[in-house]
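# Fold the following, please.
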Amino acid sequence: MYDVACIGIFVADCIAKTVDKIPDRGKLGLIDSLSLYTGGCAMNAGADMKKLGADIALLGMVGNDGFGSFLLGEVSKLGMTTEGIKVSDADSTSASVVLVDGGGERTFLHCLGANGTFTETDINYDIIKDSKVVFVAGTMLMPNFDGEPCARFLKKCKEMGKITVLDSAWDDTGRWMDILRPCMPYIDYFIPSIDEARMFAEGREDVKDIADYFFDLGVKHVAIKVGKDGCYVRESKDAEGVTMPTYLGIKPVDTTGAGDSFCAGFLYGLTHGMSMTESAQFANAVATHCVMAVGASTGIRPYEEICRFMKENQPG
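Predicted structure coming up:
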């Protein structure tokens, strides 16, 4: 039995560091390093949870190319099954060039590739049947899956008795709630970033009002990532919201994958007996480890080491 089935995007990340200035057109600029890492919301969160000690299945699509072989190889190295990952002969593997500046902030150049053609009919439901929690990662970056196909999938998962969780990505097309609205009644835990949450909530600024809006659309529980302030969690519309502070004493090296690592910690907590607030605090610690190293999953440590860090460091 898998703790979590992660459905979503798989990306080969070419990370360039340090990039504080783009060279003039036709010119060359020197950087400190250029490395290839696994990326994409499903891959990142799945790898992080596996490192924490959870049993994970990944579902998505890659191309039949070098980047695809790299991603499948890394999945196998981590001890996760590749059974749920389809290989397309028609599409290239999704890839990003990630430019990391001196402050650790990142900028992306992204090619949708196979993530753009992945859809509901590509999902192996035998894996879903054998999973406790179903996590959709990378909503808004899967044009053939987002919207009604995702809603049908989540509805079927609920009919199968599964706990459903959804995280989002930035929507460069501006569709936002037009795409997500049909999915909302079938989401048990919605965990967007604050910037994405404000866009989904049609301009609402206050985190309480944003959460109310999501509850009114059918979401059961809300956890909103609020950057350096940690995470706002709320069990229901009738419950009081709580902001769980993160760990501010750590200087970030690379913020790539920070949101995905938060999701990983949160899901690990939910599937290992933690309350929602406990899961959020654990998730803050996992995300802190993410930003301590270059790469989306490089800094993640086993559960016991994260707990030791939490004992030795105070949030806030």
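
# which secondary element of the protein has the worst mean pLDDT?
strand 106-111 (a mean of 84; mean pLDDT, DSSP states H and E).

# Next SSE downstream of it?
For strand 106-111, the following helix or strand on the C-terminal side (DSSP states H and E) is helix 125-129.

# Show me what the following helix or strand past that next one packs onto, helices and strands only.
Scanning forward in sequence from helix 125-129 by DSSP H and E, the next helix or strand is strand 131-139. Applying 3 or more Cβ pairs under 8 Å, 6 or more residues apart in numbering; DSSP states H and E, one finds that strand 131-139 makes contact with strand 2-8, helix 41-52, helix 148-159, strand 163-168, helix 258-270. Bear in mind the C-beta positions are built from the backbone N, C-alpha and C, glycine included.

# Kindly reformat those as a markdown table containing mean neighbour count and mean pLDDT.
Output for those, formatted as a markdown table (neighbours: other Cβ atoms under 10 Å; pLDDT from 0 to 100):
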| stretch | mean neighbour count | mean pLDDT |
| --- | --- | --- |
| strand 2-8 | 28 | 98 |
| helix 41-52 | 30 | 96 |
| helix 148-159 | 18 | 98 |
| strand 163-168 | 24 | 97 |
| helix 258-270 | 29 | 97 |
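
# Tabulate those in TSV, adding columns for distance to S193.
Below are the helices and strands packed on strand 131-139 laid out as TSV (distance: least, Cβ to Cβ, whole Å):
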stretch	distance to S193
strand 2-8	15
helix 41-52	12
helix 148-159	18
strand 163-168	8
helix 258-270	6
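
# rewinding a little: which other residues reach the least confident helix or strand of the chain?
With Cβ atoms under 8 Å, 6 or more residues apart in numbering as the test, strand 106-111 has contacts from 11, 19, 92, 94-101, 254-256.

# And for stretch 230-245?
Residues from elsewhere that reach stretch 230-245 (Cβ under 8 Å, 6+ apart): 194, 207-208, 211-212, 215-216, 220-226, 229, 246, 262, 276-277, 280-281, 283-284, 315-316.

# pLDDT averaged over it, what's the number?
Stretch 230-245 carries an average pLDDT of 96.

# pull the CA atoms of that stretch into CSV?
Output in CSV follows, covering the C-alpha atoms of stretch 230-245 (Å, rounded to 0.1, in the frame of the first residue of the first chain):
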residue,chain,number,x,y,z
GLY,A,230,5.3,30.0,7.2
CYS,A,231,1.8,28.5,6.6
TYR,A,232,-1.8,29.4,7.3
VAL,A,233,-3.8,26.3,8.2
ARG,A,234,-7.6,26.0,8.8
GLU,A,235,-9.5,22.9,9.4
SER,A,236,-12.9,24.2,8.3
LYS,A,237,-14.8,27.4,7.7
ASP,A,238,-16.1,27.3,11.3
ALA,A,239,-12.6,26.8,12.7
GLU,A,240,-10.0,29.4,13.7
GLY,A,241,-7.1,29.8,11.3
VAL,A,242,-3.6,29.4,12.6
THR,A,243,-0.3,30.7,11.1
MET,A,244,2.5,28.2,11.7
PRO,A,245,5.8,30.1,11.6
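
# before we move on, back to that, of the contacts of strand 106-111, keep whichever come out buried.
Among the contacts of strand 106-111, those scoring as buried are V11, V19, S92, S94, A95, S96, V98, L99, V100, D254, T255, T256 (criterion: 16 or more other Cβ atoms under 10 Å).

# Just flag the most distant two among those.
Spatial extent of the buried ones among the contacts of strand 106-111 (Cβ to Cβ) is set by the pair S92 and T255 at 26.4 Å.

# quick revisit: which ones among the contacts of strand 106-111 lie within helices?
Among those, DSSP state H puts none in helices.

# Tabulate these (CSV), appending distance to I187 and pLDDT.
CSV is the format used below for the contacts of strand 106-111 (distance: Cβ to Cβ, whole Å; pLDDT from 0 to 100):
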residue, distance to I187, pLDDT
V11, 23, 93
V19, 36, 96
S92, 31, 97
S94, 24, 96
A95, 29, 94
S96, 26, 87
V97, 32, 91
V98, 28, 85
L99, 33, 92
V100, 32, 88
D101, 34, 93
D254, 30, 80
T255, 26, 83
T256, 26, 79
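
# rewinding a little: go through the helices and strands packed on strand 131-139 and name the closest to G84.
Judging the helices and strands packed on strand 131-139 by Cβ to Cβ, what sits closest to G84 is strand 2-8, at 7.3 Å.

# ok, for the spatially most central residue of the chain, nearest residue in space, not its chain neighbours?
Residue closest to the average C-alpha location in the chain (Cα atoms, centre = their mean): D260, at 3.2 Å. What sits nearest to D260 in space, not counting adjacent residues and going by Cβ to Cβ, 6 or more residues apart in numbering, is N44, at 3.6 Å.

# again, but for V100
Counting by Cβ to Cβ, 6+ apart, the residue nearest V100 is K17, at 4.2 Å.
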